[in-house]
Structure formats: structure tokens, C-alpha cells
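Participant: I'll drop the sequence and a predicted model, then ask my questions.
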Amino acid sequence: LAGRCVDGITAIVERCLELAESSPSVVTPLNRHIGYENAAAVAKKAVKERKTIREVVLEDGYVERGDLTEAELDSALDVMSMTHP
């Protein structure tokens, strides 16, 4: 199996990142910036509209209103940092 099927498989990094950023679970670090209820609404909307969490946060004006900065959004949604303690 390893030699005939698994060897040579490579991940499409961009697609993997897109899937990770679209996962409702990555919204959790936003709770401290926009609150649990708003974060849950963002996650729900992202799933319903097939958008990333980042897209919904920006569209819904959380950065524009000053609830968090773009740097804080970048840090909160850094999926790579979520995988390493």
C-alpha cells in the first residue's frame, strides 16, 4: 500500500490552508475580541455562505469597527500556530 499508493502523494498547501481557514473551529481565538455569540455567528455564516472565517470577520465590519485590528485577526486565525503549542 505504501509503495503503490502513498508514495508520491503531495498535499496542495493552498487548498489545505483554505480548508483550515474555513473550519468553524478556528473561530475560537476570536472569542476574546468579539465575544462568544459574535464568534459563533461568524462561524455559522462562514459555513452557510462557504466563506473563510477571515472573509466573514472583515465583511461584517469587526476590524472596521475596531473590535480587533488586522494584526490581531491575523494572529488569532494563524492556523499553523494552533497546531504547535
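Facilitator: That came through fine. In this text, all values refer to a predicted model and were calculated from it rather than measured experimentally.

Participant: what's the spacing between Pro24 and Asp78?
Facilitator: 16 Å (C-beta to C-beta, to the nearest Å). To be clear about C-beta, it is placed using only N, CA and C from the backbone, and glycine gets the same treatment.

Participant: Repeat that for Thr28.
Facilitator: From Thr28 over to Asp78 the distance is 13 Å, taken as C-beta to C-beta.

Participant: what does Cys5 give?
Facilitator: Taken as C-beta to C-beta, the span from Cys5 to Asp78 is 32 Å.

Participant: the more surrounded of the two?
Facilitator: A direct count of neighbours by other C-beta atoms under 10 Å for Cys5 and Asp78 places Asp78 higher, at 13 against 8.

Participant: Now do the same for Ile12: its pLDDT.
Facilitator: You'll see Ile12 listed with a pLDDT of 93.

Participant: list the contacts for it?
Facilitator: If you count contacts by C-beta atoms under 8 Å, 6 or more residues apart in numbering, Ile12 has none.

Participant: if we go to 10 Å?
Facilitator: 18-19 (C-beta atoms under 10 Å, 6 or more residues apart in numbering).

Participant: And Leu73, by the same measure?
Facilitator: 29-30, 33-34, 53-54, 57-58, 62-63, 67.

Participant: how about those, which pair is most distant?
Facilitator: Pro29 and Leu58 (15.9 Å; C-beta to C-beta).

Participant: what sits against Ala11?
Facilitator: Here Ala11 is in contact with Leu17 (C-beta under 10 Å, 6+ apart).

Participant: 7 Å instead?
Facilitator: With contacts defined as C-beta atoms under 7 Å, 6 or more residues apart in numbering, Ala11 is in contact with no residue.

Participant: count of residues packed around the closest residue to Ala76 other than its chain neighbours?
Facilitator: Spatial nearest neighbour of Ala76, chain neighbours left out: Pro29 (4.0 Å); criterion: C-beta to C-beta, 6 or more residues apart in numbering. For Pro29, the neighbour count with other C-beta under 10 Å is 17.
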